[in-house]
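Asker: mind looking at a prediction? Sequence and model below.
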Amino acid sequence: MEEKKLKLDTNDLSYVRIKGGNRLEGVVSPDGAKNSALIQLASLVLVDGNFVTLKNLPLISDVYDSIEMIKETGLKTKLVDNEVTIMGEPSSFEFSAYYGSKIRASLAFLGSVLSKFGQVKLPLPGGDKIGERPIDIHVDVLEAFDIEVAIRNGFVFAKARTFPLKGSSVFLRFPSVLATVNGILLGVLAEGKTVLNNVAKEPEIVDLTNLLTKMGARINGVGTDRITIVGVTELNSTTHEVMPDRLEAAALMMSIVMTEGKGTVENTIPEHNIPLIETLRRCGIDVVTDGDKVHIDAVNFNKGFQVETRPFPGLATDVQPLITPLGLKCPEESIITDNVFQERFSHVDELRKMGAQIDRFNNTIHIKPNNKLSGASVEGGDIRTVVTLINAALSIDDDSKVYGVEHLNRGHSKFIEKLKLLNADIEIIN
Ligand code: UD1
């Protein structure tokens with residue numbers, strides 16, 4: 001009963017058992033990037049008669065759900081190990097409520113399916129519960145392409161007034177990642193020129209456009225505030241390797257740091273994590289980057305830190321929970337503000353159960369230095385919170401249970417095995 005009461009929003013009673021206190025040491029690699037893989041899979045509705053193979057796919061439940069959504073369009077999929085091939089011709093623009101409502105990135109099917117069919121019926125998305133996640137910017141983007149949008153019975157119904165679509169000029173009032181994806185996907189086959197202003201510059205956008213460019217799309221300005229696209233009539237077959245997951249790399253760096261360990265995260269792109277790396281250095285941690293490797297030696301925590309999340313190249317909002325327990329290690333108060341998801345603080349209450357002293361003022365938290373943490377039963381309701389709690393538990397010389405395994409499995413493949421390889425005493429209890 002006691003355990004059941006702890007559960008907030010799930011029926012999954014499995015948990016991660018952690019005996020903290022071991023210093024993590026060794027070499028570890030992140031898998032392919034979840035957020036890249038998901039938008040690339042959604043874009044492949046544009047394959048139409050050709051084939052595309054994606055390599056380095058993370059084997060996580062969000063990816064399996066996206067593949068099921070591709071099948072719902074009538075395309076064929078072949079998944080072997082970490083490689084998926086999408087082929088055939090899509091025949092349906094309607095999705096069931098089941099898969100799309102579980103993941104946030106299902107929104108990217110708006111762009112690809114509208115581009116192909118001029119209409120779509122898509123369930124409202126799910127994904128991490130990290131505060132308000134409206135879709136008004138997506139609707140703005142669709143309307144700029146003369147697409148009519150209605151939301152009824154938990155679905156988005158959208159239909160182009162003129163089809164094939166015509167290129168458009170779009171301004172995003174905030175550089176939303178997935179709304180930028182939709183703008184790109186609507187532009188690649190639209191007649192003439194599309195200009196997207198105030199777009200997201202996240203590495204996942206660059207990875208998507210690398211794939212689309214290989215398929216023959218004509219896209220310029222990616223990684224700047226303005227993307228221009230000249231529509232083409234069809235896209236070709238290709239093979240593409242999904243970039244490494246910068247958020248899993250950040251999570252693993254924090255696992256090593258929290259245990260005052262010494263290790264290397266390799267097969268990563270250190271430039272994707274500069275705000276995190278610089279923050280660690282400011283706290284006194286020795287971080288050296290070398291090609292695709294980040295070496296960490298976390299023996300010294302000599303200062304607090306103050307950071308704010310921003311769209312890329314700023315500190316990612318997904319890294320905000322991950323970096324919070326760092327404040328507990330620092331000898332001075334640390335301050336974090338989340339400007340992107342202002343309610344993304346569900347980890348704070350759970351860390352308090354471990355003895356953390358954290359004050360919250362709207363979208364800012366003040367973390368007091370604290371050496372007296374103890375193990376606890378805690379729960380994460382989203383991917384980054386679960387990992388944050390695991391990392392905090394690893395640093396405490398005590399036993400903890402972290403619930404929310406289904407969220408971990410949505411975002412990470414074999415994360416617990418990776419930590420075990422680094423000498424963590426940790427296992428999933430089903
Ligand atoms: C993506 C990532 C998510 C990450 C986020 C920000 C995926 C699957 N998810 O989510 O992990 O935390 O980028 O880097 O790639 N907003 C609106 N209206 C909209 C859309 C967004 O107000 O129509 C707001 C959001 O509430 C939020 C901000 O814009 O405050 C950023 O959201 P956005 O960039 O759209 O996040 P996602 O693309 O959903």
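Answerer: Good, I have the coordinates. Model, not experiment: these values are computed from the prediction.

Asker: now do the contacts for Ala217.
Answerer: Ala217 is in contact with 188, 209, 229, 232, 235, counting by Cβ atoms under 8 Å, 6 or more residues apart in numbering. All C-beta atoms are positioned from the backbone trio N, CA, C, and that covers glycine.

Asker: pLDDT wise, what is it at?
Answerer: The per-residue pLDDT reported for Ala217 equals 98.

Asker: can you tell me which of the contacts of Ala217 are classed as buried?
Answerer: The neighbour count (16 or more other Cβ atoms under 10 Å) marks 188, 209, 229, 235 as buried among these.

Asker: once you drop chain neighbours, what's closest to the first one?
Answerer: The one in question is Val188. Nearest residue to Val188, sequence neighbours excluded (Cβ to Cβ, 6 or more residues apart in numbering): Ala217, at 4.3 Å.

Asker: hmm, back to that, what about the contacts of Ala217, which are in helices?
Answerer: 188, 209 (DSSP state H).

Asker: where does pLDDT dip in the stretch 301-430 of the chain?
Answerer: Applying pLDDT under 70 to the stretch 301-430 of the chain flags no residue at all.

Asker: change it to 90
Answerer: Residues of the stretch 301-430 of the chain meeting the criterion pLDDT under 90: 370-372, 430.

Asker: can you show me the strands along it?
Answerer: 306-309, 334-338, 358-361, 364-367, 377-379, 399-403, 425-429 (DSSP state E, counting those that start in this stretch).

Asker: what's next to the fourth one, contact-wise?
Answerer: Spelled out, it's strand 364-367. For strand 364-367, contacts defined as Cβ under 8 Å, 6+ apart pick out 324, 327-328, 330, 333-337, 345, 348, 356-360.

Asker: just among the residues you listed, which is most surrounded?
Answerer: Gly327 (28 neighbours; other Cβ atoms under 10 Å).

Asker: what about the closest residue to that one other than its chain neighbours, distance to the ligand?
Answerer: Leaving aside its sequence neighbours, Gly327 sits nearest to Ile367 (Cβ to Cβ, 6+ apart; 2.9 Å). Separation of Ile367 from the ligand (Cβ to the nearest ligand atom, to the nearest Å): 21 Å.

Asker: same question, Asp292
Answerer: Distance from Asp292 to the ligand, by Cβ to the nearest ligand atom: 22 Å.

Asker: re the thing from before, pLDDT and distance to the ligand added to the contacts of Ala217, as a markdown table?
Answerer: Conversion of the contacts of Ala217 to a markdown table gives the following (pLDDT from 0 to 100; distance: Cβ to the nearest ligand atom, whole Å):
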| residue | pLDDT | distance to the ligand |
| --- | --- | --- |
| Val188 | 98 | 19 |
| Thr209 | 98 | 15 |
| Ile229 | 98 | 19 |
| Val232 | 97 | 25 |
| Leu235 | 95 | 22 |
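
Asker: out of the contacts of Ala217, flag the one nearest to Val265.
Answerer: Thr209 (25.7 Å; Cβ to Cβ).

Asker: rewinding a little: quick one: closest of the strands of the stretch 301-430 of the chain to Ile70.
Answerer: Nearest to Ile70, of all those, is strand 425-429, at 28.7 Å by Cβ to Cβ.

Asker: that closest one packs against which elements?
Answerer: strand 15-19, helix 415-421 (3 or more Cβ pairs under 8 Å, 6 or more residues apart in numbering; DSSP states H and E).

Asker: and these, which is most packed in?
Answerer: Mean neighbour counts were compared across the helices and strands packed on strand 425-429 using mean count of other Cβ atoms under 10 Å; the top stretch is strand 15-19, at a mean of 21.

Asker: just after it, pick out the following helix or strand.
Answerer: Beyond strand 15-19 on the C-terminal side, the first helix or strand identified by DSSP states H and E is strand 25-28.

Asker: could you measure from the residue nearest to Val188 over to Ser115?
Answerer: 11 Å (Cβ to Cβ, to the nearest Å).

Asker: which residues are common contacts for these two?
Answerer: Val188.

Asker: and the contacts of strand 364-367, which is closest to Arg104?
Answerer: Nearest to Arg104 among the contacts of strand 364-367, counting by Cβ to Cβ, is Phe345 at 18.6 Å.

Asker: I'd say that closest one and Arg360 touch.
Answerer: Yes - at 6.0 Å, Phe345 and Arg360 qualify as touching, with contact defined as Cβ atoms under 8 Å.

Asker: residues contacting the helix or strand hosting Lys78, please?
Answerer: Element membership for Lys78, per DSSP H and E: strand 76-80. With contact meaning Cβ under 8 Å, 6+ apart, strand 76-80 is reached by 57, 67, 70-71, 84-88.

Asker: what strands flank it, and is each parallel or antiparallel?
Answerer: Note on strand 76-80: by DSSP bridges, its sheet partners are strand 83-87 (antiparallel).

Asker: buried ones in the partner strand?
Answerer: 84-87.

Asker: mind putting the residues you listed in CSV, pLDDT and distance to the ligand included?
Answerer: Shown next, in CSV, are these (pLDDT from 0 to 100; distance: Cβ to the nearest ligand atom, whole Å):
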residue, pLDDT, distance to the ligand
Val84, 98, 17
Thr85, 98, 22
Ile86, 97, 19
Met87, 96, 24
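
Asker: just name the closest of those to Glu94, please.
Answerer: Ile86 (18.5 Å).

Asker: identify the bridge partners of the closest one.
Answerer: Val52, Thr77.

Asker: right, and it touches Asp48 too?
Answerer: No - using Cβ under 8 Å, Ile86 makes no contact with Asp48, being 10.3 Å away.

Asker: all helices of the stretch 101-250 of the chain, in order?
Answerer: For the stretch 101-250 of the chain, the helices defined by DSSP state H, counting those that start in this stretch occupy 108-117, 136-144, 177-188, 203-214, 246-258.

Asker: so the first one, near the ligand or not?
Answerer: No - using Cβ under 6 Å from any ligand atom, helix 108-117 stays clear of the ligand, coming no nearer than 8.0 Å.

Asker: what residues are up against the closest residue to Lys293 other than its chain neighbours?
Answerer: Leaving out its chain neighbours, the residue that sits closest to Lys293 by Cβ to Cβ, 6+ apart is Glu266, at 4.5 Å. Shown in contact with Glu266 (Cβ under 8 Å, 6+ apart): 27-29, 292-294.

Asker: touching the ligand at all, stretch 52-61?
Answerer: No - applying Cβ under 6 Å from any ligand atom, one finds stretch 52-61 separated from the ligand by no less than 11.8 Å.
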